[in-house]
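[1] Next input, structure requested:
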Amino acid sequence: LRLRNNNGYAWNHKSIDNGDIWIKGFLIINDLVLSKDKFLDYISDLPYEKLLSLLTDADGQYIIIINKADNLVVVEDHIRSFPVLYWTENKKIVVSDLLTKENFKNKKIDDTQRKFFLNMLFTFDNKTLFNNVFQVPAGHVLNIDKNKITLLEYWRFHYNDEQIENMETAVARILEGYDSLFAKCVRLIGNRKVVIPLSGGYDSRLILFGLWKAGIEKNNIITFTYGTNTEDVQLSHEIAEKFGVLHYFVPYDTDLARQFYINNIESFSLYAANGISTPCIQEWYAVNKLAEENIITKDSVIVPGYGGVLPGHYMREDLISENQNFEEIIKKYLLKMILGNAPGKHFAERSKLADTILQSRYFDLSTQKKAVESFERFIYSEEQAKFIMNAVRD
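    Residues are numbered from 1 along each chain as shown. Down below sits the predicted model:
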């Protein structure tokens with residue numbers, strides 16, 4: 001067990017009968033926020049089955065590792081907040097939270113995962129860029145028992161059976177959900193400064209309004225925009241000014257930014273990518289500049305609108321229309337939305353990669369509802385839990 005990454009949330013440890021527990025992050029049970037010792041105490045006496053049942057309905061960002069004499073268990077949260085890798089080394093199974101050159105300098109690249117990585121910016125399922133090196137996927141439990149390795153999916157994205165057909169009822173339910181979400185955010189933030197990357201789009205505006213409505217004082221909110229002085233920058237400044245919060249613009253000087261990336265990209269990539277997802281460098285330079293100028297401090301909480309926080313963001317109209325070929329439609333969107341990031345020379349690979357995804361455990365195309373649900377499940381468990389969450393970790 002190699003737990004070395006204490007950036008952000010640090011590892012917390014507790015000895016138990018016949019073993020040890022390590023946790024990172026926080027757990028929310030019935031609106032009660034548990035972290036550090038309270039988190040450890042709460043789960044330390046729970047039987048394995050009861051723990052998984054509890055976590056199925058819980059909120060939070062966490063990783064739980066239970067190491068006993070006869071087995072080791074790793075529980076990854078619903079969005080893979082804290083990546084954990086595992087592989088075999090000198091006839092032992094290694095579980096680690098950090099990629100290092102020493103660990104992987106002799107590993108061969110997995111050619112299929114290299115293609116996935118180039119085309120969609122992250123590897124697929126529980127694979128990494130390296131042969132025989134694996135990750136614990138979102139909502140899964142890794143169980144190592146006498147050198148036998150099993151992965152169990154204990155949580156998955158799914159639609160409720162209840163179907164709301166009245167628009168007013170649907171909107172009211174959505175607003176209730178936002179109120180609950182932002183109230184939890186406020187409890188976690190406390191009195192710390194809130195930093196919001198304000199693009200001028202609907203997602204970042206929603207976050208700004210939602211946090212204020214939930215109780216964050218305006219003088220505790222900082223917004224920023226970066227890049228070149230375009231219409232988006234002006235719009236963001238106007239929104240912040242009208243709302244009454246501080247707004248900073250970080251201009252991107254090409255030469256300074258290039259030198260910053262050259263100086264730092266290697267160590268940053270090892271930390272942020274972990275052989276799974278490309279690091280998102282877009283805001284890295286801006287956040288670093290704001291920190292250098294003491295505009296934001298180490299205890300500030302950055303709340304971005306990555307990935308679309310508005311409902312229905314990934315709902316495709318032609319998937320919910322009548323008499324459609326679901327497989328054909330989903331493949332079209334996989335090629336356009338997910339597998340369209342690589343240079344043109346890799347285009348021929350994309351169709352085969354899309355077929356691999358469609359034949360995976362994510363997809364059930366037997367009914368319209370299952371097809372739409374499968375598509376969103378793939379988005380949240382793969383793109384959101386890898387690329388988007390990786391951008392948040394950066």
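[2] Against which helices or strands is the worst-scoring helix or strand of the chain on mean pLDDT packed?
    Here the helix or strand of the chain ranked lowest by mean pLDDT, DSSP states H and E is helix 389-393, holding a mean of 73. Packing partners of helix 389-393 (3 or more CB pairs under 8 Å, 6 or more residues apart in numbering; DSSP states H and E): helix 254-273. For glycine as for every other residue, the C-beta is placed from the backbone atoms N, C-alpha and C.
[3] returning to what we had before: and the least confident helix or strand of the chain, C-alpha only, in CSV?
    C-alpha atoms of helix 389-393 as CSV (Å, rounded to 0.1, in the frame of the first residue of the first chain):
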residue,chain,number,x,y,z
MET,A,389,-12.9,15.8,-12.2
ASN,A,390,-9.2,15.8,-13.3
ALA,A,391,-9.7,19.5,-14.2
VAL,A,392,-11.1,20.2,-10.8
ARG,A,393,-8.2,18.5,-9.1
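[4] Kindly state the distance between the middle of that helix and the middle of its chain.
    6 Å (CA atoms, centre = their mean, to the nearest Å).
[5] and what of stretch 102-116?
    22 Å.
[6] Could you list the buried residues of that stretch?
    Within stretch 102-116, the residues scored as buried using 16 or more other CB atoms under 10 Å are Asn103, Phe104, Asp110, Gln113, Lys115, Phe116.
[7] Also stretch 260-279?
    In stretch 260-279, counting by 16+ other CB under 10 Å, buried: Phe260, Leu270, Ala272, Ala273, Asn274, Gly275, Ile276, Ser277, Thr278, Pro279.
[8] So the third one sits against Glu266, correct?
    Pointing back at Ala272 there. No - contact criterion CB atoms under 8 Å: Ala272 and Glu266 do not qualify, at 11.1 Å.
[9] so how many other residues sit close to Val250?
    20 (other CB atoms under 10 Å).
[10] helix, strand or coil for it?
    strand (DSSP: H, G, I helix; E, B strand; the rest coil).
[11] same thing with Gln234?
    Gln234 ends up helix, using three-state DSSP.
[12] burial of it, as a residue count?
    13.
[13] what's the distance between it and Phe124?
    As judged by CB to CB, to the nearest Å, Gln234 and Phe124 stand 40 Å apart.
[14] and what of Thr297?
    Thr297 is 38 Å from Phe124, by CB to CB.
[15] Where does pLDDT dip in this structure?
    307-313, 315, 322-323, 342-347, 393-394 (pLDDT under 70).
[16] show me where it has strands.
    Shown for the chain, the strands assigned by DSSP state E span residues 12-16, 19-29, 32-35, 59-68, 71-76, 85-89, 92-96, 133-135, 140-145, 148-153, 194-197, 221-227, 246-251, 301-302.
[17] Contact partners for the nearest residue to Arg350 once chain neighbours are set aside?
    The shortest distance from Arg350 to any non-neighbouring residue, by CB to CB, 6 or more residues apart in numbering, is to Leu339 (4.5 Å). By CB atoms under 8 Å, 6 or more residues apart in numbering, the contact set of Leu339 is Asn119, Met120, Arg350, Leu353, Ala354.
[18] Export these as a markdown table, with columns for neighbour count and distance to Lys50.
    As requested, the contacts of Leu339 are exported to a markdown table (neighbours: other CB atoms under 10 Å; distance: CB to CB, whole Å):
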| residue | neighbour count | distance to Lys50 |
| --- | --- | --- |
| Asn119 | 22 | 41 |
| Met120 | 26 | 37 |
| Arg350 | 20 | 44 |
| Leu353 | 21 | 39 |
| Ala354 | 21 | 40 |
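[19] Nearest to Phe375 among these?
    Ala354 (12.1 Å; CB to CB).
[20] I'd like to know how far the nearest residue to the closest one once chain neighbours are set aside sits from Tyr362.
    Distance criterion CB to CB, 6+ apart; nearest residue to Ala354, sequence neighbours excluded, is Leu334 at 4.4 Å. In this view, Leu334 and Tyr362 are 11 Å apart by CB to CB.
[21] who does the longest helix belonging to the chain touch, helix- and strand-wise?
    If you go by DSSP state H, the chain has its longest helix at helix 167-189. Applying 3+ CB pairs under 8 Å, 6+ apart, we find helix 167-189 packed against strand 32-35, helix 202-214.
[22] Give me the angle between it and helix 202-214.
    70 degrees (axes from the mean of the first three to the mean of the last three CA atoms, to 10 degrees).
[23] how far is helix 167-189 from where the chain is centred?
    A distance of 20 Å separates the centroid of the chain from that of helix 167-189, by CA atoms, centre = their mean.
[24] What of stretch 78-91?
    Using CA atoms, centre = their mean, the offset of stretch 78-91 from its chain centre is 15 Å.
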